[in-house]
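Asks: Here you go, sequence then predicted model.
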Amino acid sequence: MIIFHADSQQFHLYNDQISYIMQVMDNGQLNNLYFGKTIKDRESFSYLQEHYERALAPSNTDKSILTLNYTRQEYPAYGTGDFRFPAFRILQEKGSLISGFVYQGHQIFAGKKDILPLPSTYVYQDHEAQSLEITLFDPITQTQLILSYCLFSDLPVITRHARFNQIGPATIRLQNAMSLCLDLPDMDWQMVHFSGAWGRERYLKNRTLEVGIQSISSMRGSSSSEHNPSFLLKRPHTTEFSGEAIGFSFVYSGSFLGQVEVTTHEETRILLGIHPENFDWQLKTGESFTSPEGILVYSAKGLNALSQTFHTLFLRHLNQSKWRDQPRPILLNNWEATEMTFDQDLILKIAAKAKEAGAELFVLDDGWFGTRNDDTQGLGDWFANTDKLPDGIKGLSEKVRAMGIDFGLWIEPEMVNKNSRLYQDHPDWLMVDPDRFASPSRHQFILDYSRPEVVDGIYQMLVEVIADSKISYIKWDMNRYITECYSNHTPAQDQGKVMHKYVLGVYDLYRRLTTRFPHILFESCSSGGARFDPGILSFAPQTWASDNSDALDRYRIQYGTSFFYPISSIGAHVSAVPNLQTGRVSPLATRANVAYFGAFGYELDLNHISPEEFEEVKAQIAFYKQNRPIFQYGTFYRLVSPFESHGDAAWISVSPDRQKAFAGYYHKLVRVNHMGVRLRLAGLCPDTKYQVTSKHYDRHHYGDELMNVGLVIDRRILNELGGDFTSILFEIQAL
Ligand code: GLA
């Protein structure tokens, strides 16, 4: 799978789906010759590198003509003939930024190493992947650079990261250290990325590449709701079902940069890594820095295939908890029902009704601790507010458990209100520049997780509550971005480490809590879906997708999220109408038909719906329990994009044996006097006869018919079902 040809000095990483070829050039640096669909191995592909002189193009070696600006490189340096953005930047004591890393040797081995304390993809057994570590060395700064590659055996996936070891006596400053660089020989691509804001996370954006730089990024200290650290390039004609695409994803939860640079020679460079702004890592002799992991996925069969690879990778090789492939409990969360105004009696009533409806887990959200009666106070005081909850979390959790339903709890461990006991006791735990105004956000401030003693203090407080109570689920929230990033107890020369060390502190707490409480299901959250990324998924197998659970907005959010993240990782709830965020009223059935395609639950007080609606909820829960594996772990295909045409959407989830599937069709607005919809399905057996049922449909079709002709949806039925914001869930069962 990974071959080194000594004569041509070329590496070929390949499996039956992809080839990745690179070589050691005449100047000792590494260049990329090919990445794409598998090609047969041979001794040399050196014809793929150009060796001719161009105007205004310096040659980097005397041995041959090597114009770096026209060479596709693996980890390019600044200042030696390549005028594109580099993959790294090293500032030396004498002020020079010039570096030159030359090949020293390499190692090929079975399996995949961890990059602790960073999260990364993993394999259980060595035959599932093969790895390559290439060691380069800059003799002037005496810095070692190790570029790591891992090729998964049965997936079109390569992971990468870079490690800098300072060996020489000088101190260097690493001011940029991307996780991956990929140079492609043309610009005939579109960049698809997932951008938005609070309440409209991961909306699909598609732009044709232009000469110059296009990028997505976060400088907010978390991956953010504005841009997601996963994006893709596709050919202009690539569809969901055909054509080339390359996906990029970053196993990291902090500030990031995903950049696509197109040169005036129409070549493309992709860089993905920690955002260089406010990153400045001093390395003394014997110290090292390891970048987080970047992931490359190739698809020759369109975007659904690309997404399915990411789903498989993230499901089988990312999260380490026992929950990673387990059915996720149907939960009811009290946030939208009560916000912070509740007492024990009310909570028990809500939990009891949830149990009656068939829910499996009740989650107590914000407001249970300290003096947390509104968002100006209490944050950081991780002990129960006994005015509201006289029996504490211990007593409440036991009471809820006694009803036959599990108990879960909300926490926001990275934050503090100034009006709290924690702040009184530890005012120096805040991440603020003491000489500057500290910008509040939701009245809260950030704890300095770059300092282990702060993480430790919070860990101790949380352990006390959790260990003492019957808790089987935790929702870990993070409700503001980082400003005035400065660590009070860190020397000046190390302030550029603080942003990254904060993220490492978050991972440290996640690792300690998930190890100490392996039975607990963690769901991450950040004002909804502002930290939905592979780094967090490595610890918390599901993430609350958005604070906006309006059905129409939600199918857009879930549609965008599905490009990279498994359906089981997408927290999706039915909430009350009129919707809290949009005021929109959509049918209960539509709200459920959207939320089924996720980690399903409810976000309302079931005591406040009509008896008919309660019966409907009971039926929804019973139905979901029967079919949960297909929704959460089936093979998922997007069918109709809500970001195109009329805003309708459709998708399907198919069981592994293709005997059963559920397809959801979501209708935005009534279109009077139009023809019916033909919904072409996917993933079925062409020769199998299926029974297709929904409220208004009961027919038999062969799989090929369903996939090529499509299901015919009569517009009058959409109107009968309620018109705007209606939906149909089709059950497709092999006969
Ligand atoms: C954030 C979350 C919500 C809820 C509130 C509580 O906004 O996204 O789901 O937990 O905080 O304050």
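Replies: The structure has been received and is ready for your questions. It should be emphasised that the depicted structure is a prediction, and the values quoted were computed from it without experimental measurement.
Asks: and the residue lying closest to residue 596 once chain neighbours are set aside, how far is that from residue 657?
Replies: Leaving aside its sequence neighbours, residue 596 sits nearest to residue 631 (Cβ to Cβ, 6 or more residues apart in numbering; 5.1 Å). C-beta here means a position set from N, CA and C on the backbone, and glycine is covered the same way. According to Cβ to Cβ, to the nearest Å, residue 631 stands 16 Å off from residue 657.
Asks: more crowded one of those two?
Replies: Between residue 631 and residue 657, counting by other Cβ atoms under 10 Å, residue 631 is the more crowded of the two (23 against 8).
Asks: Confirm the more buried one sits in a helix?
Replies: Yes - counting by DSSP: H, G, I helix; E, B strand; the rest coil, residue 631 falls inside a helix.
Asks: Of all the residues in the helix or strand bottoming out on mean pLDDT in the chain, which ones are buried?
Replies: One helix or strand of the chain scores below all others by mean pLDDT, DSSP states H and E: helix 715-720, with a mean of 88. Residues of helix 715-720 classed as buried: 715, 717, 718 (neighbour count, 16 or more other Cβ atoms under 10 Å).
Asks: Quickly name whichever of those is closest to residue 294.
Replies: Nearest to residue 294, judged by Cβ to Cβ, of those is residue 718 at 43.5 Å.
Asks: roughly how far apart are the residue lying closest to the closest one once chain neighbours are set aside and the ligand?
Replies: In space, residue 718 comes closest to residue 667 once its chain neighbours are excluded; the distance is 5.0 Å by Cβ to Cβ, 6+ apart. In this view, residue 667 and the ligand are 27 Å apart by Cβ to the nearest ligand atom, to the nearest Å.
Asks: Contact residues of the stretch 301-450 of the chain facing the ligand?
Replies: Proximity of the stretch 301-450 of the chain to the ligand, by Cβ under 6 Å from any ligand atom, involves residues 335, 365, 366, 410.
Asks: Strand partners (parallel or antiparallel) of the helix or strand harbouring the last one?
Replies: Residue 410 is part of strand 406-411, with elements assigned from DSSP states H and E. When pairing is defined by DSSP bridges, strand 406-411 lines up against strand 361-364 (parallel), strand 473-476 (parallel).
Asks: residues in contact with the first one?
Replies: For strand 361-364, contacts defined as Cβ atoms under 8 Å, 6 or more residues apart in numbering pick out 329-334, 347, 350-351, 354-355, 393, 396, 400, 405-410, 472-473, 475, 601.
Asks: surely residue 48 meets residue 34?
Replies: Yes - the pair residue 48 / residue 34 is scored as a contact, 6.3 Å apart, by Cβ atoms under 8 Å.
Asks: Settle it for me: which of these two has more neighbours?
Replies: Neighbours were counted for residue 48 and for residue 34 using other Cβ under 10 Å; residue 34 has more, 18 against 15.
Asks: tell me the contacts of whatever residue of the chain ends up closest to the ligand?
Replies: Across the chain, no residue is closer to the ligand than residue 366, which sits at 3.5 Å (Cβ to the nearest ligand atom). If a contact means Cβ under 8 Å, 6+ apart, then residue 366 has 335, 339, 340, 372, 375, 410, 412, 477 as its contacts.
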